[in-house]
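# Here's my sequence, what's the structure:
(chains A and B)
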There are 2 protein chains.
Amino acid sequence: MKFASHMPQALEQAHAAAQRGEVPVGAVLVGADGRVLAQAGNRTREWSDPTAHAEIVAIREACRLLGSERLPGARLWVTLEPCPMCAAAISAARIQVLYYGADDPRMGGVRHGARVFDHPQCHHRPEVIDGIGAEESRLLLRQFFQKRRVDGRLHD
Amino acid sequence: MKFASHMPQALEQAHAAAQRGEVPVGAVLVGADGRVLAQAGNRTREWSDPTAHAEIVAIREACRLLGSERLPGARLWVTLEPCPMCAAAISAARIQVLYYGADDPRMGGVRHGARVFDHPQCHHRPEVIDGIGAEESRLLLRQFFQKRRVDGRLHD
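Numbers count the residues shown, from 1 in each chain, chains lettered A, B, ... in the order given. The predicted structure follows:
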């Protein structure tokens, strides 16, 4: 079975997050039947919620929609390597495949640092496919942080 | 400065979670001024939300209360060693001290497995004080899982 890439929509969510002044990360969660269950971007600033990363917002929305705390067979598309919080939530939700864009050596928790899926304490490991749309994701993040630094200087 | 232990209230929250059929873990979040900001137990089943661990529920509630995604100077009391998701959320919220009860070799992410605070990708490390109320916390968990196994057999 061939699955369509949902990275373009995830990147759209990342762009929208940047417009709201949030770190530009976007996620799309697709059910086992291929239906889009949730799309989200970061909302930590808007919601005053340090857990409102794109992945967590999408997982919570999809679980609420289905009335289940598990999403077997689901596929998550996200523009950046998940942090340890999001990686552990992806495991808890029993997501089957994680597709992510850019690596995040500074804060990532899948291929870097805590490597959440690589310990016996992780009881469900998704398949991980990385590097999809990585260039656009990286560019978006670089522009966002460059702008924030410039704006910071203007307000000094 | 001496801080009062909030583990008794955290254990009360864990008992209440067991009553609701949730894994018995409880948390109390105290602000820099010693005021209790939030108390919570697990709500994953009730809310169909795999992220609704006691720590996450307490952090989200406290952040909403204060209108901030960071809680500098805050102290979190939790009955069980946090998992990697909760450990990373504790770091993101800039909580100053984490007091926890029982170790969790099976799913923990602080002293076990992912050891979320022990990597350069973790940009804020709370002070960690463990073993407080560990015996009662462990007993509560053991009783809960024993009962669940017995109930499971009765429904076979």
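# all strands for chain A, in order.
A:26-30, A:36-41, A:75-80, A:97-102, A:127-130 (DSSP state E).
# so where's chain A shaky on pLDDT?
Across chain A, the ranges flagged by pLDDT under 70 are A:1-3, A:154-156.
# Need the residues that contact the top helix by length along it.
Determined from DSSP state H, the single longest helix within chain A is helix A:134-154. Applying CB atoms under 8 Å, 6 or more residues apart in numbering or on different chains, the set of residues contacting helix A:134-154 from outside is A:11, A:14-15, A:18, A:23-25, A:79-80, A:101-103. C-betas here are computed from N, CA, C, even on glycine.
# Now restrict these to buried residues only.
Neighbour counting with 16 or more other CB atoms under 10 Å in any protein chain shown marks A:11, A:14, A:18, A:23-25, A:79-80, A:101-103 as buried within the contacts of helix A:134-154.
# export the residues you listed to JSON lines and tack on distance to residue A:110?
Shown next, in JSON lines, are those (distance: CB to CB, whole Å):
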{"residue": "A:11", "distance to residue A:110": "19"}
{"residue": "A:14", "distance to residue A:110": "17"}
{"residue": "A:18", "distance to residue A:110": "22"}
{"residue": "A:23", "distance to residue A:110": "17"}
{"residue": "A:24", "distance to residue A:110": "19"}
{"residue": "A:25", "distance to residue A:110": "14"}
{"residue": "A:79", "distance to residue A:110": "13"}
{"residue": "A:80", "distance to residue A:110": "10"}
{"residue": "A:101", "distance to residue A:110": "12"}
{"residue": "A:102", "distance to residue A:110": "12"}
{"residue": "A:103", "distance to residue A:110": "9"}
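# Tell me how many other residues crowd residue A:95.
Other residues within reach of residue A:95 by the criterion other CB atoms under 10 Å in any protein chain shown amount to 25.
# which phi and psi does it have?
Its backbone dihedrals place residue A:95 at phi -70, psi 140, with angles given as degrees, to the nearest 10.
# Which residues are in contact with the closest residue to residue A:20 other than its chain neighbours?
Leaving aside its chain neighbours, residue A:20 sits nearest to residue A:46 (6.2 Å; criterion: CB to CB, 6 or more residues apart in numbering or on different chains). If you count contacts by CB under 8 Å, 6+ apart, residue A:46 has them with A:20, A:22, A:52.
# Need the nearest residue in space to residue A:94, chain neighbours excluded.
Nearest non-adjacent residue to residue A:94, counting by CB to CB, 6+ apart: residue A:70, 4.5 Å away.
# Kindly report the same for residue A:137.
Skipping the residues right next to it in sequence, residue A:137 comes nearest to residue A:101 by CB to CB, 6+ apart, at 3.7 Å.
# now do residue A:88
If you skip the residues right next to it in sequence, residue A:88 has residue B:85 as its closest partner in space, 3.5 Å away by CB to CB, 6+ apart.
# Quick check, residue A:77 in contact with residue A:4.
No: between residue A:77 and residue A:4 there is no contact under CB atoms under 8 Å: 10.1 Å.
# Could you check which of those two has the larger neighbour count?
A count of neighbours by other CB under 10 Å puts residue A:77 above the other of residue A:77 and residue A:4, at 30 against 8.
# Pull the contacting residues for that one.
So residue A:77 contacts A:5-7, A:9-10, A:27-30, A:99-100, A:132 (CB under 8 Å, 6+ apart).
# Quick check: the two most widely separated of the residues you listed?
The distance between the two most remote of those (CB to CB) is 15.4 Å, for A:29 and A:132.
# correct me, but the residue nearest to residue A:137 touches residue A:129?
No: Residue A:101 is beyond contact range of residue A:129, at 10.5 Å (criterion: CB under 8 Å).
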